[in-house]
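Colleague: Give the three-dimensional model of this entry:
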Amino acid sequence: MSRKIRIAQAQAAAGGPIREVVVHPLDARRETLGLLLAVGVIVLAMGLRFLSLAANEEQLYLRPYQRLSDGLNDSQRTLYRSLLATVQDIGALRDQNGFFPEAELLEYEMIPPFAKSLVPKDLQGFVWETYDYSTWVDYIGYNPDSDQDFSYILRVIDLHTDYHPSPHPGADYDPNQRLAAQVWVHRDPQRAYPGERLAIDGWTWVVDANDPMLQKPPDARAFKQTTSGQQPVKRGGEE
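Modeller: A predicted model of the protein is given here:
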């Protein structure tokens, strides 16, 4: 029996026309609503993540004398990281000898980047000089054969002393940290050593974007620079 005949018989028995109604299963409705809800949650999460990243970028308080390490090229970043990694070795040699080690000793101890054989070829031409102030030390490096590189200064400071230069990372007399290190750069590839006051001579302090120091507004006293009157002992490099 055909479908039309069955419908006609049903209409005759009911005394009138019968309207067909298609009812979707309840599970299908729930599945559709669940899918829409999941998509909405994902979109909301992505939006919140974007706003969070934007807020974090806006909260970076970069000082006028600072620059982010993100702006360095691969070679410059390699040298920057290598310099900061020497602090533990420098501290150990100072404890052993009673004074900060000169660059030649760091090279002899095979500590990169002072040990030229342990750095990439484009960094092997750097010449390093040591300026020891007893409470801090500056290692200035430049490449005499290149006019493209920065000049670099690795400054290592003893925070447990009455006087050391500012600005610097870390807190004075921190019981959990004695030595603090920072890397300064100058666009002049063969910049002469400026002495204690680096920022005033146009040097910039390289910092990482995730440095907690950049998460709060600068203290007006943070850039107060004084001159100690201390004269460094120059060792190593070209005379």
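
Colleague: Identify the residues contacting the most centrally placed residue in the chain.
Modeller: In the chain, the centroid-proximal residue (CA atoms, centre = their mean) is residue 208; its distance is 2.3 Å. By CB atoms under 8 Å, 6 or more residues apart in numbering, the residues touching residue 208 are 68-69. From N, CA and C alone the C-beta is placed, and that goes for glycine too.

Colleague: Now do the helices in this protein.
Modeller: Applying DSSP state H to the chain gives helices spanning 3-14, 26-58, 74-84, 87-97, 103-108.

Colleague: then the last one to PDB, C-alphas only?
Modeller: Yep, that's helix 103-108 we're talking about. Taking Å, rounded to 0.1, in the frame of the first residue of the first chain, the C-alpha atoms of helix 103-108 are listed here in PDB:
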ATOM      1  CA  ALA A 103      89.900  39.300  31.000                       C
ATOM      2  CA  GLU A 104      93.100  37.300  30.200                       C
ATOM      3  CA  LEU A 105      92.500  35.000  33.200                       C
ATOM      4  CA  LEU A 106      88.900  34.400  32.100                       C
ATOM      5  CA  GLU A 107      90.300  33.500  28.700                       C
ATOM      6  CA  TYR A 108      92.900  31.200  30.200                       C
END
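
Colleague: Tell me the gap between that helix and the middle of its chain.
Modeller: A distance of 27 Å separates the centroid of the chain from that of helix 103-108, by CA atoms, centre = their mean, to the nearest Å.

Colleague: which of the residues in that helix are buried?
Modeller: Across helix 103-108, burial judged by 16 or more other CB atoms under 10 Å covers 103, 105-107.

Colleague: Return the member of those nearest to residue 141.
Modeller: Nearest to residue 141 among the buried residues of helix 103-108: residue 103, at 8.1 Å, using CB to CB.

Colleague: picking that back up, from residue 80, how far off is the residue nearest to the centre of the chain?
Modeller: To residue 80, residue 208 is 9 Å away according to CB to CB, to the nearest Å.
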